[in-house]
Structure formats: structure tokens, C-alpha cells
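In: Here is the input, now give the coordinates:
(one chain, ligands or ions: 2)
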Amino acid sequence: MSAALPHSVGPVVVIGAGLVGTSIGLALRTSGEQVHLVDRSASHAVVAAGLGAGVVDRAEPDEVRLVVVATPPDAIARTVLESLHRYRSAVVTDVGSVKGRILDELRASGADLSRYVGGHPMAGSQHAGPLTAVAELFVDRTWVVSAGPDNQPDDVARVRRMAELCGAQVVAMPAEQHDEAVAQVSHLPQLMSTLTAGHLRQVPGDHLRLAGQGIRDVTRIAASDPQLWRQIISANAEAIRHELEGVRADLDELFAVLDDPQALEEFMARGRSGARLLPGKHGAHPADWVAVVIEIPDTPGALGRLFHDIGAEGVNVEDLSIEHDATREVGYLSVEVSPPFAERLRTAMKAKGWALRA
Ligand SMILES: NC(=O)c1ccc[n+]([C@@H]2O[C@H](COP(=O)([O-])OP(=O)(O)OC[C@H]3O[C@@H](n4cnc5c(N)ncnc54)[C@H](O)[C@@H]3O)[C@@H](O)[C@H]2O)c1
Ligand SMILES: O=C(O)C(=O)C[C@]1(C(=O)O)C=C[C@@H](O)C=C1
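Out: Numbering: from 1, shown residues only. Ligands and ions are numbered 1, 2, ... in the order given. Sure, this is the predicted structure:
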């Protein structure tokens, strides 16, 4: 690996000015990078430029140092090949959610891949298009960089630096391992969300009115673009099939333990311990935090006063969420803190007149 990282990674060309491409442009512009935006749909590039993600003027091909391909998965390999041909002095990377299929297509083309370095930011949303982009999308998120044996260290360093300029933490991982990992932590969860949300279509409207935060948490990503996800899942079908077989076995087991309280509790405990395995902010585990849930009365300025009173206590807040009560005109602010601070915060908030939920 080259010791000296390039100070500036550009000029950069971002191809595909949607959610991810525009977010990259916005983040790189914050660092003063020169960004050129290209999109099959001219209006997307114009909107992205209007948001401040770069310019739509064509770059001088020989001056471009980095190309980021952020098109839908099915167009990535083709666009990478075109870019390697057009931008002769640039390293070409992509943000595709599956790496193996792209490499297979690139290798089959017989092209020299020494200037291609695969990438994948582990951040996004259920939304699509440039208007949903945000400069902070990648802050503190992981960004996989899959370098190959033919890559030059300086080219890999340029891609890593670009990810870091976007605020991400780089993880080096070979394509095959990446695809297995994302089947487990991204593609299967997407499918479980889709299954749960799809099932809601059989639920009567009267029953849907009872929906609280739980179902909303589980189904957020089910609202994602079906065309995009068809492409992602098809490209990683083998690894996903393996995970689904595991889920099928788990479902069979769930049927078997439904009338056995002890076995059912053990089954539920597995979910809790699985959730604790997910890394949280600063490497801490969110499951180690304690939620202090405070009622937000439906009065003007209540939330502002509440934040002020929490801040005055000097307790480090790890995370926050707001939920609304379906039946009363109140909301709840859930404040996640590390255990030693929970009781102090509860006592202080009660003393200041706030109502706490158990
Ligand atoms: N959405 C996420 O959460 C997420 C996260 C990480 C990575 N990714 C990957 O990022 C890529 C882009 O996803 P997105 O969510 O930004 O989608 P998006 O639909 O918001 O944006 C895709 C953009 O690419 C353009 N485009 C399509 N074909 C093109 C082509 N041949 N040439 C140039 N532009 C073309 C579209 O007009 C659109 O503006 C996908 O490969 C996806 O797998 C998505
Ligand atoms: O946060 C979300 O909405 C996402 O689903 C983003 C998410 C993921 O974390 O699984 C989805 C697919 C991408 O390839 C990378 C990130």
C-alpha cells in the first residue's frame, strides 16, 4: 500500500447521479473536489448539479483521475468498461451492491482490469434519485474496497481516500467474501422486510390502524425500488439461496416450538443475542444502552424544552428516536444512554416534571 495518500482524488466523474452517486458528489464537493456528473437521464445530472453535487460540463477525459460508477447493477460492468476506455489516466471504481457478477462480466470481456477497483458503500436508503441524496450519507458507515492482484497501490489508495473523504470507514475485502457477507447482512434483511410488508396486503384496514413502531421499523426498507433490488438479488442469488435455506429451517423450528413455552423463549432469546452482535456507534453495542422514554406533551415548544433539560443534565446521549402514540395526543422521546447514566437521567427528568414511560 502506498504510504502517501493523494491529497485530492480528482477530477472525479460520477456516472449515475441517483441517490448514491449524487450523495458521493455532494460529499466530495464539501472537500473541494472537482466533480463532473453524468447520467443516462440528463435531468438527473442537472438536478444533482443544482443540489451542489458537481457540474454537468463534460470533463476533459485525459485529466480525469477517478471515475465512480453509480448506475443500477445491470449497467455497471458495461459502464466500467466504457470508462476504462474513455478515461485513460483514471482509476475506475463502482458502488455496486454485488461484486462477483461485475468481476465475472469484466473478466469475460478480456479487458485489462488493472485500473478497476471495486467498491461498495454500506449506506443508502429506500429512496431513489438525486433529490433523496445527502452529503452525510456515508459518515461513519463502512465502505468495502475490493482490490485485485493487478491493481496499483496508488489506485487503491485513491479509491480508499475518496471513501474517506465521504466520511466512511474503509474495509478491505475480496469480492467473494463481500458477496457472502452482504447476502447475510443486507440482502436477507431486505427480503425479510419485503416478506413482512407484502403480507400486510392481506391484513384488513381496521387492523392496519393498530400498527405501531415495530412494524414500521421492520418494513422501512421494503419500500425500496423493486427494479433495483431485482438486479441486486439476481446477481447474488446463490449466496442468498443459502441464507434462505437457513431461514426455512428456522421457520420449521418455530412452528415446532410454538406450543412449548420454554423452547419458544429460547427461540426468542436467539433473536435478542443476534441483535446484540451488530456493531454500533464508536464500536459500542446498541443493545448495551438503556432507553429512557420520556412523554412529549402536545404543547408548543415541548420538544425544545425537553432537549434543553436533557442537555442540562450533561449525560452523553448515544441515540434518539421519537414515536407517536396511536391513541393519545402525545409522543415519546426515547433517549439511549449507557447504563450508569440511565437512573440519573430518569431521576433528573422526573424532578423537572416530565412523565416517564416504564
Ligand atoms: N440504494 C442503496 O441503498 C444503495 C446503497 C449502496 C449501493 N447501492 C448501489 O448503488 C447503485 C445506484 O443505486 P441508487 O440507489 O443510487 O439508484 P438510483 O436509482 O437512485 O440512481 C441510479 C442512477 O443511474 C442512472 N442510470 C441508469 N442507467 C444508467 C447508465 N447506463 N448510465 C448512466 N446513468 C444511468 C439513473 O438515471 C439514476 O439517476 C446501484 O448499483 C446500487 O446497487 C445502492
Ligand atoms: O439503509 C438502507 O436503507 C439500506 O438498505 C442500505 C443498504 C443496506 O444497508 O443493506 C442496502 C443496500 C446497499 O447495497 C447498501 C446498503
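In: in the protein, which segments are predicted with low confidence?
Out: Scanning the chain for pLDDT under 70 picks out 1-6, 281-288, 326.
In: So which residues of it form helices?
Out: Taking DSSP state H as the criterion, the chain carries its helices at 19-30, 42-51, 76-86, 100-109, 153-165, 175-182, 188-199, 205-208, 213-219, 226-235, 237-257, 261-276, 302-312, 339-351.
In: What parts of the stretch 1-150 of the chain come near ligand 1?
Out: For the stretch 1-150 of the chain, the residues found near ligand 1 under the criterion C-beta under 6 Å from any ligand atom are 15-21, 39-41, 44, 70-73, 75-76, 79, 95-97, 121, 124-125, 128-129. For the C-beta atoms, the positions are set from N, CA and C on the backbone; glycine is no exception.
In: Any part of stretch 182-191 near ligand 2?
Out: Yes: taking C-beta under 6 Å from any ligand atom as the criterion, stretch 182-191 and ligand 2 are in contact, through residue 186.
In: Tell me the span between the first and last residue of that stretch.
Out: Taking C-alpha to C-alpha, to the nearest Å, stretch 182-191 runs 12 Å from one end to the other.
In: For it, list every residue counted as buried.
Out: Residues of stretch 182-191 classed as buried: 182-183, 186-188, 190-191 (neighbour count, 16 or more other C-beta atoms under 10 Å).
In: Please produce TSV containing the helices of the chain, extended by distance to residue 294.
Out: TSV is the format used below for those (distance: least, C-beta to C-beta, whole Å):
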stretch	distance to residue 294
helix 19-30	33
helix 42-51	36
helix 76-86	46
helix 100-109	47
helix 153-165	37
helix 175-182	37
helix 188-199	29
helix 205-208	28
helix 213-219	15
helix 226-235	37
helix 237-257	35
helix 261-276	23
helix 302-312	6
helix 339-351	6
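In: just these: most buried one?
Out: Burial among the helices of the chain, expressed as mean neighbours by mean count of other C-beta atoms under 10 Å, is greatest for helix 19-30, which shows a mean of 26.
In: contacts for it?
Out: Among residues not part of helix 19-30, those counted as contacts by C-beta atoms under 8 Å, 6 or more residues apart in numbering are 9-10, 12, 14-15, 17, 35, 37, 39, 44, 47-48, 51-54, 68, 70-71, 95, 121, 124-125, 127-130, 132-138, 162, 165-167.
In: can you rerun that using 7 Å?
Out: In this structure, residues lying in contact with helix 19-30 by C-beta atoms under 7 Å, 6 or more residues apart in numbering are 12, 14, 35, 37, 48, 51-54, 68, 70, 95, 121, 124-125, 127-130, 132-135, 137-138, 165-167.
In: by how many degrees do that helix and helix 153-165 diverge?
Out: When axes from the mean of the first three to the mean of the last three C-alpha atoms, to 10 degrees is applied, the directions of helix 19-30 and helix 153-165 differ by 90 degrees.
In: so how far is helix 19-30 from its chain's centroid?
Out: Between the centre of helix 19-30 and the centre of its chain there are 14 Å (C-alpha atoms, centre = their mean, to the nearest Å).
In: Now do it and helix 226-235, the angle between them.
Out: When the same axes, to 10 degrees is applied, the directions of helix 19-30 and helix 226-235 differ by 100 degrees.
In: How about helix 19-30 and ligand 2, any contact?
Out: No: using C-beta under 6 Å from any ligand atom, helix 19-30 never reaches ligand 2; the gap is at least 8.3 Å.
In: what's the angle between that helix and helix 42-51?
Out: Going by the same axes, to 10 degrees, helix 19-30 makes 30 degrees with helix 42-51.
In: Take helix 19-30, keep the C-alpha atoms, and write them as PDB.
Out: The C-alpha coordinates for helix 19-30 follow below in PDB (Å, rounded to 0.1, in the frame of the first residue of the first chain):
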ATOM      1  CA  LEU A  19     -29.200   8.600  -4.500                       C
ATOM      2  CA  VAL A  20     -25.700   7.200  -4.200                       C
ATOM      3  CA  GLY A  21     -23.900   9.000  -7.000                       C
ATOM      4  CA  THR A  22     -25.300  12.400  -6.000                       C
ATOM      5  CA  SER A  23     -24.600  11.800  -2.300                       C
ATOM      6  CA  ILE A  24     -21.000  11.000  -3.300                       C
ATOM      7  CA  GLY A  25     -20.800  14.200  -5.400                       C
ATOM      8  CA  LEU A  26     -22.200  16.200  -2.500                       C
ATOM      9  CA  ALA A  27     -19.700  14.700  -0.100                       C
ATOM     10  CA  LEU A  28     -16.700  15.200  -2.400                       C
ATOM     11  CA  ARG A  29     -17.700  18.800  -3.200                       C
ATOM     12  CA  THR A  30     -17.700  19.500   0.600                       C
END
